[in-house]
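Colleague: Provide a 3D model corresponding to the input given below.
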Amino acid sequence: QVHLVESGGGLVQAGGSLTLSCAASTRTFSNFAMGWFRQALGKEREFVATISWNGGSTLYADSVKGRFTISRDNAKSTVNLQMNSLKPEDTAVYYCAEHYDPWGRTTKLGDFTSWGQGTQVTVSS
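Modeller: Below you'll find the model as predicted:
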């Protein structure tokens, strides 16, 4: 099972930007799609974005489309989430996760096999 560690969270004002990073300790990082989820206090964990094994295909939740960008560097075994134009409703713990297949075309929680511990993002109004 892959070990995932997120970083880059913090406090930012509305309209600001943050970049989250997720480092994976596995030799098979490039074999699988990766994703980002988030969970706000008192709410269920929700899908944010996925990226295919080669970075050529991405999916975004409607709530973040046009503001967030997911990317990956297979040489470094990292996946990033660039978040722009942040809103207070983006406040949540953000988790990266490994998808069960290379393309990541599905976005259910159960489609992801490994999870990081999460990083807090707080957007003030």
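Colleague: go ahead and flag the most central residue of this structure.
Modeller: Most central residue of the chain, judged by C-alpha distance to the mean C-alpha position with CA atoms, centre = their mean, is W36 at 2.2 Å.
Colleague: surely that one is in contact with Q82?
Modeller: No: judged on CB atoms under 8 Å, W36 makes no contact with Q82 at a distance of 10.7 Å. To be clear about C-beta, it is placed using only N, CA and C from the backbone, and glycine gets the same treatment.
Colleague: got any residues that touch both of these two?
Modeller: Common neighbours of W36 and Q82, counting by CB atoms under 8 Å, 6 or more residues apart in numbering, are I70.
Colleague: in a strand, D62, correct?
Modeller: No: assigned with DSSP: H, G, I helix; E, B strand; the rest coil, D62 falls outside any strand and is coil.
Colleague: show the model's pLDDT score for it.
Modeller: What the model reports as pLDDT for D62 is 98.
Colleague: neighbours of it, just the number please.
Modeller: Neighbourhood size, D62 [other CB atoms under 10 Å]: 6.
Colleague: could you number the chain from 48 rather than 1 from now on?
Modeller: I'll keep to 48 as the first residue from here, and by that count the last item is D109.
Colleague: what's the separation between it and R74?
Modeller: Using CB to CB, to the nearest Å, we find D109 at a distance of 35 Å from R74.
Colleague: quick one, strands of this protein?
Modeller: Using DSSP state E, the strands assigned to the chain run over residues 50-54, 57-60, 65-72, 81-86, 93-98, 105-107, 115-120, 125-130, 139-146, 159-162, 166-171.
Colleague: which outside residues touch the least confident helix or strand in the chain by mean pLDDT?
Modeller: When each helix and strand of the chain is scored by mean pLDDT, DSSP states H and E, strand 159-162 comes last, with a mean of 95. Residues from elsewhere that reach strand 159-162 (CB under 8 Å, 6+ apart): Q48, V49, H50, L51, G82, F84, Y142, C143, A144, E145, H146, Y147.
Colleague: now the first one. Nearest residue, chain neighbours left out?
Modeller: Nearest residue to Q48, sequence neighbours excluded (CB to CB, 6 or more residues apart in numbering): S161, at 5.4 Å.
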